[in-house]
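>>> Fold the following and give me the result.
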Amino acid sequence: MSWITIVWSVNAGACLTLAAIYLVVWCRQRESWVHLLFSCSAIAAAAIAVIELAMLHTQTVERYEALVRWIHVPMWVLLLSFVAFVRLYLRAGRPWLAWSIYGLRTLVLIVNLILTPNINFRKITGIHHLGLWGGEMASLPVGVPNPWGILSLISLLLVVTFFVDATVTVWRRGDRRHALIIGGSMIFGAVVAFHVPLVIWGVIHVPFFLCFAYTGIVAAMGYELSSDMFHAAQLTRKLKESEDRLALAAESANFGVWEWNLNKDEVRVTPSRRELLGFAPSGAIGFENFISRVHVEDRDRVRRAIQNAIEQGKVYDAEFRVVLRDGSVRWMTTRGTVQVNGYEKPMRIVGVSIDVTARKQAELEAQEQRDELEQLRQQRTASLEREVSERTRLEREVIDICAREQRRIAYDLHDGVGQQLVGIALYAKLLEEQLRAERFGEADKAGTIVKLANDAARQARLTARTLEGADGVGDLKAALQSLATSVSRNCSVKASVTADGSSLPISPPVAAQLYRIAQEAVHNAVEHGAAREVEINLAFNGNNLLLTIRDKGKGFHSNANGNGMGLRIMRYRAQCIGGSCDVQSSSEGTVVSCRVPLEAQLPVFGVL
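Reported below is the predicted structural model:
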């Protein structure tokens, strides 16, 4: 066997070996298209080596024409694989150049198959035998070049331009290793390929050796891919160690890490979570298997949350229950993010999950305690409301009883004591008239009795009217003026009333209570304070109604009368209508101030 056969056969065998290796790699990793492209390139380079070896030993023109014709098929596969490999692996090269090469090389292949004998020669006229080292002979074509061969030369120029542009891009990016090894080898191989048109045109007389240039490129590509596979293996080992540490940390911190590959529909979780959910220690977990562990009432909500995260690119965040193998229920909170590829297509969801059963149980217990406290509060509030309502009812009854008793006393004074005093006065008047003629001194005494009886009758009527109260008081201002007039006439005390804003309506209950307060204050001023003058003022101050009774008397001491029955009644009456009553006394007189908010004018207690 000649050394030419050995060299070209070894070349082809090496390419086929590399192609087989990376074809197996691609079968195990279908998403890695660069391995398939490399295998196609290596197979095409091997085919070119075999055809070139046949061309070197060809003795007939017809066979040489056929070999030149069919060598364009692996050349088409090789160049297209090289360009696609650069685009995918190096992510470089201008797209328009790549598509131009695809189109032009396809056109070259079609024209080559149409023309006879091929696109390189119009006709091969003979075979020239060239002597090589060691006495070996190589066959070279002698013929007329085909003008259509310019298409092959243009495509080769485009290939060189594409490789140079991609290499410069990778170099500027900072990846000088790939630029030198892959880019440099491709540029060198494309430049070496220019010997083919020179041989066809008869410029040089050397055998075709495209397979060595392209095998060098394939070797450079294989070297870089094997280096990447070695680094990938190291990264896999480091990743496994990192996963083991992460699993240990997750188990210590009571949280789990999970990943859902959307393309493979495979869910990966840390070993502690696999054991917790009842899955086997190894093996793939489908999403439906994983979701089957979720409580049936929470599955639809979890599905919607995941679907929204995938469709809208949101963060997946959910809290749900899982059912364990023993039937117990655990609460999980999980959070994950959607990862997309270069085309913005969702590829996987990665996240963490935490067992929050203890927190949920604490929340449920706290909620139960809050519910119990709320129930106790409502019960206590209802009890207090009943007590307040009962107290209010009793107070109303007390006030009603007092009012009825005052009216009864008033009627007794008016109809009983008053009438008796009037009768005494009449009898005393008759006695005075009888004594006037004979006993003048006794007649004067009888007249004094008449005067005293009439004064007592008037005082009884005044007291009766006072005790009768303010039921049906009507207009408060008019009632106060009537009170002042009565006091001025019957008690010889100067009484006056000033009121503003009388157009503002005052509810009957408020009017009745204010009248009684004023009545009590005036009575105290006349009876206990020996007042010479009493001023009653009714005014509106902002959102308050202000009643003031000011007298010019001797006042009283707080330790004596400050907490008397009359003062307590006035304060209580003010509270009944939502107001307050303040009494200030000095040697110059007493001031009673009653302040009632306008919004408090509600008919709560009725007319007393």
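>>> quick one: low-confidence parts of the stretch 351-500 of the chain?
The model of the stretch 351-500 of the chain has pLDDT under 70 over residues 395-396, 398-400, 402-403, 406-407, 410-411, 413-415, 418, 437-438, 440, 460-474.
>>> which stretches of it form strands?
Ranges of strands in the stretch 351-500 of the chain, per DSSP state E, counting those that start in this stretch, are 494-499.
>>> Now do the helices in it.
Using DSSP state H, counting those that start in this stretch, the helices of the stretch 351-500 of the chain run over residues 357-411, 418-438, 440-468, 476-491.
>>> so where do the strands sit in the chain?
Assigned by DSSP state E, the strands in the chain fall at 121-131, 137-145, 255-261, 266-269, 316-323, 329-340, 346-355, 494-499, 533-541, 544-551, 580-586, 589-597.
>>> hang on, the earlier thing: from the helices of the stretch 351-500 of the chain, which stretch is densest packed?
The highest mean neighbour count among these, using mean count of other C-beta atoms under 10 Å, belongs to helix 476-491: a mean of 18. Quick note: C-beta positions are derived from backbone N, CA and C, even for glycine.
>>> send the alpha carbons of that one over as CSV?
Listed next in CSV are the C-alpha coordinates belonging to helix 476-491 (Å, rounded to 0.1, in the frame of the first residue of the first chain):
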residue,chain,number,x,y,z
LEU,A,476,-87.4,78.1,75.3
LYS,A,477,-86.7,81.8,74.9
ALA,A,478,-90.4,82.7,75.7
ALA,A,479,-90.5,80.2,78.6
LEU,A,480,-87.3,81.8,80.1
GLN,A,481,-88.8,85.3,79.7
SER,A,482,-92.0,84.1,81.4
LEU,A,483,-89.9,82.7,84.2
ALA,A,484,-88.1,86.0,84.6
THR,A,485,-91.3,87.9,84.6
SER,A,486,-92.8,85.6,87.2
VAL,A,487,-89.8,86.0,89.5
SER,A,488,-89.7,89.7,89.1
ARG,A,489,-93.4,90.1,89.9
ASN,A,490,-93.7,87.6,92.8
CYS,A,491,-90.2,87.8,94.4
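>>> Just give the number of residues close to K314.
By other C-beta atoms under 10 Å, 12 other residues sit near K314.
>>> same question but for F162, I mixed them up
If we define neighbours as other C-beta under 10 Å, then F162 has 26 of them.
>>> could you check the distance from it over to Q379?
87 Å (C-beta to C-beta, to the nearest Å).
>>> Any buried residues in stretch 87-95, and which?
If you call a residue buried by 16 or more other C-beta atoms under 10 Å, then stretch 87-95 has these buried ones: 87, 89-90, 92-93.
>>> Pipe these into JSON lines and attach pLDDT and distance to H195 per row.
Output for the buried residues of stretch 87-95, formatted as JSON lines (pLDDT from 0 to 100; distance: C-beta to C-beta, whole Å):
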{"residue": "R87", "pLDDT": "91", "distance to H195": "27"}
{"residue": "Y89", "pLDDT": "89", "distance to H195": "27"}
{"residue": "L90", "pLDDT": "88", "distance to H195": "26"}
{"residue": "A92", "pLDDT": "90", "distance to H195": "27"}
{"residue": "G93", "pLDDT": "89", "distance to H195": "24"}
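>>> nearest to S488, of those residues?
Checking the buried residues of stretch 87-95 against S488 by C-beta to C-beta gives A92 as the nearest, at 114.9 Å.
>>> Return the distance of that closest one relative to F162.
Distance, A92 to F162, using C-beta to C-beta: 9 Å.
>>> Overlap in contacts, those two.
Jointly contacting A92 and F162 under the rule C-beta atoms under 8 Å, 6 or more residues apart in numbering are V86.
>>> follow-up on the earlier one: biggest separation within the buried residues of stretch 87-95, which pair?
Maximum pairwise distance in the buried residues of stretch 87-95, criterion C-beta to C-beta, is 10.5 Å, between Y89 and G93.
>>> from what I can see S32 touches V25, true?
Yes - counting by C-beta atoms under 8 Å, S32 touches V25, with 7.1 Å between them.
>>> got a list of what the residue nearest to H72 when sequence neighbours are not counted touches?
Excluding the flanking residues, the one nearest H72 by C-beta to C-beta, 6 or more residues apart in numbering is N112, at 4.6 Å. For N112, the contact set (C-beta under 8 Å, 6+ apart) comprises 69, 72, 118-120.
>>> And those residues, which of them are buried?
In the contacts of N112, burial by neighbour count holds for 69, 72, 118-120, counting by 16+ other C-beta under 10 Å.
>>> any idea how far T169 is from T215?
Distance from T169 to T215, by C-beta to C-beta: 25 Å.
>>> So the two - more neighbours on which side?
When T169 and T215 are compared for neighbours, T215 comes out ahead with 24 against 18, by other C-beta under 10 Å.
>>> for the more buried one, what are its contacts?
11, 14-15, 45, 49.
>>> Including distance to S580 and pLDDT, could those go into a markdown table?
Converted to a markdown table, those look like this (distance: C-beta to C-beta, whole Å; pLDDT from 0 to 100):
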| residue | distance to S580 | pLDDT |
| --- | --- | --- |
| N11 | 114 | 76 |
| A14 | 110 | 79 |
| C15 | 108 | 79 |
| A45 | 108 | 87 |
| A49 | 114 | 84 |
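>>> could I get the residues you listed as CSV with neighbour count?
Converted to CSV, these look like this (neighbours: other C-beta atoms under 10 Å):
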residue, neighbour count
N11, 23
A14, 18
C15, 27
A45, 34
A49, 27
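>>> from these, which is closest to L37?
Closest to L37, out of all of the contacts of T215 and judged by C-beta to C-beta, is A45, at 12.6 Å.
>>> List the contacts of the closest one.
Residues counted as contacts of A45 (C-beta under 8 Å, 6+ apart) are 11-12, 15, 74, 78, 211, 214-215, 217-218.
>>> mind redoing it with 7 Å?
15, 78, 211, 214-215, 218 (C-beta atoms under 7 Å, 6 or more residues apart in numbering).
>>> any idea how far F38 is from V111?
Noted for V111: a distance of 28 Å to F38, by C-beta to C-beta.
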